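Asks: I need the structure of the sequence given here:
(4 chains)
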Protein chains: 2
Amino acid sequence: MAYRETTKVLEKKSQMRSEILRSAETLVRVGGFKALTIQALANDVNMSVGNIYRYFGNKDALSVEVFRHSTERELLAVAQAIQGKTDISQSLEAGVRVFAERAFRAPVLAWALIAEPVEPAVDESRLFYREAYARLFEKVIAEGVASGTLPQQIPALSAAAIVGALAESLLGPLEHNGPEQEVIDGLVLFCLRAVGA
Amino acid sequence: MAYRETTKVLEKKSQMRSEILRSAETLVRVGGFKALTIQALANDVNMSVGNIYRYFGNKDALSVEVFRHSTERELLAVAQAIQGKTDISQSLEAGVRVFAERAFRAPVLAWALIAEPVEPAVDESRLFYREAYARLFEKVIAEGVASGTLPQQIPALSAAAIVGALAESLLGPLEHNGPEQEVIDGLVLFCLRAVGA
DNA sequence: CAATAAAGTGAATCATGATTCACTTTATTG
DNA sequence: CAATAAAGTGAATCATGATTCACTTTATTG
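Replies: As a prediction, this is how the structure comes out:
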């Protein structure tokens, strides 16, 4: 037994993995998934192309992990905003607002996560997380309907529609640097009216 | 001058082009753009791969033409539905209804036109036509706001949100064969409430 | 130091369709 | 039929990144 994976080595490896991931996220944040190539990534972390594969099984796995990690952060922020209010309308408004504000803070990332053409594996994750967003809104809407605060409706449908409305109406302003406050306020009103709040 | 392009030949060529296009549209209608390969298309029209290129400059041009042709048909149907009513609310309702009903009639095509991962050139057309849809709704909303039938809002923003809501909330039901009438009725209500009708 | 296993290298190869091209066939006219 | 130009063929090539792999270097232990 001449060689063993010592804690020090394992830690270093895990740190290296994190660094690669962080670097990959930056590539996407700046240039979208199109900018995330193994070559570019290897360059960024001063590593050979082949060695990246010791940390990630393949490109799909890497891309999906980048997508999930980035999206989880956004999803969490929206979830917290929603849970931070007790009033139904305020809850919805806070969720919409946080989603939109964060998108304006990092427009390329928002576009990459929402609408950039990506490999099918990433697109599947996109579907998954769109549903996750929808479930956040669905829960609030369902409560509202149950308590009579909101009119009768199919909460899952309204929630999906809200997610679509958010994504679609932000893309234009994000790309063309549209007027942030007007857009966000308009979106909030649209969504509140849409569910009958 | 031994050979000249006679009308007969030109007509045959133009007919052949239409046939190729029709065949390409069928491929997309059945299997999405992923199913549209030059090979498959050549097979379908009993033609060699190389010969396809005498009718279409390259794959992008072909795909884009297929996309535009298919989408124009949908757009026209929605435009006509909207123009068929004088009342603002009825106009919006008709537009939403026709869009959704047609999507349920051809779910794979709807998915291909709305959300399938496609080559960037086609994606650009997608953007273009999403804006075209938005303008249709925008016009109605702007009229409503001007006449006082609808509350104050940014028509372009509300219109984009409606397009997004339609696209997003249909994808699930289309894929899982959801309950058509409930979904369409729910969507109509959502959109009418959203603009304040 | 010797032995061992993982980390690291980067040029070569692969995968997947699109695209080309040297060649054949067909249509047209005098 | 001869000449001409377009229509048609399909195997070979290209393009673009991902992926592999034979090899080198580094870390660890007795």
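Asks: ok, how many other residues are close to the closest residue to residue A:32 other than its chain neighbours?
Replies: Once flanking residues are discounted, residue A:32 sits nearest to residue A:112: 4.2 Å by Cβ to Cβ, 6 or more residues apart in numbering or on different chains. Heads up, the C-betas are built off the backbone N, CA and C, glycines and all. Counted by other Cβ atoms under 10 Å in any protein chain shown, the residues lying close to residue A:112 total 25.
Asks: Now do the same contact list for residue A:112.
Replies: Applying Cβ atoms under 8 Å, 6 or more residues apart in numbering or on different chains, one finds that residue A:112 lies in contact with A:28, A:29, A:32, A:33, A:118.
Asks: Repeat that for residue A:97.
Replies: Contacts of residue A:97 (Cβ under 8 Å, 6+ apart): A:81, A:184, A:188.
Asks: got a pLDDT number for it?
Replies: Per-residue pLDDT puts residue A:97 at 98.
Asks: separation between it and residue B:91?
Replies: Distance of residue A:97 to residue B:91, given as Cβ to Cβ, to the nearest Å: 31 Å.
Asks: Now do the strands in chain A.
Replies: With strands called from DSSP state E, chain A shows none.
Asks: leaving aside the residues next to it on the chain, what's closest to the spatially most central residue of it?
Replies: With distances taken as Cα atoms, centre = their mean, the residue of chain A nearest its centroid is residue A:71 (2.6 Å). Using Cβ to Cβ, 6+ apart and skipping the chain neighbours, the partner closest in space to residue A:71 is residue A:129 (4.8 Å).
Asks: quick one: that neighbour and residue A:78 touch, right?
Replies: No - the criterion here is Cβ atoms under 8 Å, and residue A:129 misses it with residue A:78 at 10.8 Å.
Asks: returning to that earlier point: of the contacts of residue A:97, which is the nearest to residue A:175?
Replies: Taking Cβ to Cβ as the measure, residue A:175 lies nearest residue A:184 of the contacts of residue A:97, at 15.9 Å.
Asks: rewinding a little: from the contacts of residue A:112, which two are the most distant?
Replies: Farthest apart among the contacts of residue A:112 by Cβ to Cβ are A:29 and A:118. That separation is 14.6 Å.
Asks: for chain A, which helix is longest?
Replies: Ordering each helix of chain A by length in residues (DSSP state H) puts helix A:120-147 first.
Asks: returning to that earlier point: who's more crowded, residue A:29 and residue A:118?
Replies: More neighbours surround residue A:118 than the other of residue A:29 and residue A:118, with 22 against 18 (other Cβ under 10 Å).
Asks: Who are the packing partners of the lowest-mean-pLDDT helix or strand in chain A?
Replies: Scoring the helices and strands of chain A by mean pLDDT, DSSP states H and E places helix A:7-31 at the bottom, with a mean of 92. Applying 3 or more Cβ pairs under 8 Å, 6 or more residues apart in numbering or on different chains; DSSP states H and E, one finds that helix A:7-31 makes contact with helix A:38-44, helix A:59-83, helix A:107-114.
Asks: What residues sit buried inside that helix?
Replies: For helix A:7-31, the neighbour count (16 or more other Cβ atoms under 10 Å in any protein chain shown) marks A:20, A:21, A:23, A:24, A:25, A:26, A:27, A:28, A:29 as buried.
Asks: how far out from the middle of the chain is stretch A:149-166?
Replies: Distance of stretch A:149-166 from the chain centroid (Cα atoms, centre = their mean, to the nearest Å) equals 20 Å.
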